[in-house]
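Enquirer: based on what follows, work out the 3D shape:
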Amino acid sequence: MKKKVIVVNMVAQKQNELITEFESAKQASRELGISYDSIKKACQDMGNCFIGGDLAFVYESSVHGLNDDDIINKIKIQRLNRLIFGK
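Expert: Below you'll find the predicted structure:
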């Protein structure tokens, strides 16, 4: 079963550049030129979801029902927990 992938550009200057949705990790891989395995690994751990420093990759099911700001906050909180507590 395909899982939708959401890519969050953490340094976007415009709202329409902030979030991009893909139907699958394979589609994101093809369109962004990032390895499929890297995207899958990033999506599985929100505390370690960054690729290239600025792009965060999460499965849509992990942030279902959240607005853009809530998604960004959830990513930041998980990232901080990972860095501080190793969780």
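Enquirer: contact partners of stretch 7-19?
Expert: Stretch 7-19 is contacted from outside by 6, 20-22, 28, 32, 50, 54-58, 68, 71-72, 75, using Cβ atoms under 8 Å, 6 or more residues apart in numbering. The C-beta positions use only the backbone N, C-alpha and C, and glycine is treated the same way.
Enquirer: list the contacts of the residue nearest to residue 52 when sequence neighbours are not counted.
Expert: Nearest non-adjacent residue to residue 52, counting by Cβ to Cβ, 6 or more residues apart in numbering: residue 34, 7.7 Å away. Counting by Cβ under 8 Å, 6+ apart, residue 34 touches 28, 51, 52.
Enquirer: try 10 Å this time
Expert: Going by Cβ atoms under 10 Å, 6 or more residues apart in numbering, residue 34 touches 7, 25, 28, 42, 51, 52, 55, 57.
Enquirer: do residue 67 as well
Expert: So residue 67 contacts 19, 73 (Cβ under 10 Å, 6+ apart).
Enquirer: quick one on the thing from earlier: can you say which of the contacts of stretch 7-19 are buried?
Expert: 6, 20, 22, 28, 32, 55, 56, 57, 58, 71, 72, 75 (16 or more other Cβ atoms under 10 Å).
Enquirer: for the record, mean pLDDT for the helix or strand hosting the first one?
Expert: The one in question is residue 6. Using DSSP states H and E, residue 6 sits within strand 5-9. If you average the pLDDT over strand 5-9, you get 95.
Enquirer: please save the CA atoms from it in CSV.
Expert: The C-alpha trace of strand 5-9 is given here as CSV (Å, rounded to 0.1, in the frame of the first residue of the first chain):
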residue,chain,number,x,y,z
VAL,A,5,4.5,11.7,1.6
ILE,A,6,4.5,15.3,2.7
VAL,A,7,7.7,17.3,2.2
VAL,A,8,8.1,20.4,4.3
ASN,A,9,10.5,23.1,3.2
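Enquirer: name the strands paired with that strand and say parallel or antiparallel.
Expert: strand 19-22 (antiparallel), strand 55-59 (antiparallel) (DSSP bridges).
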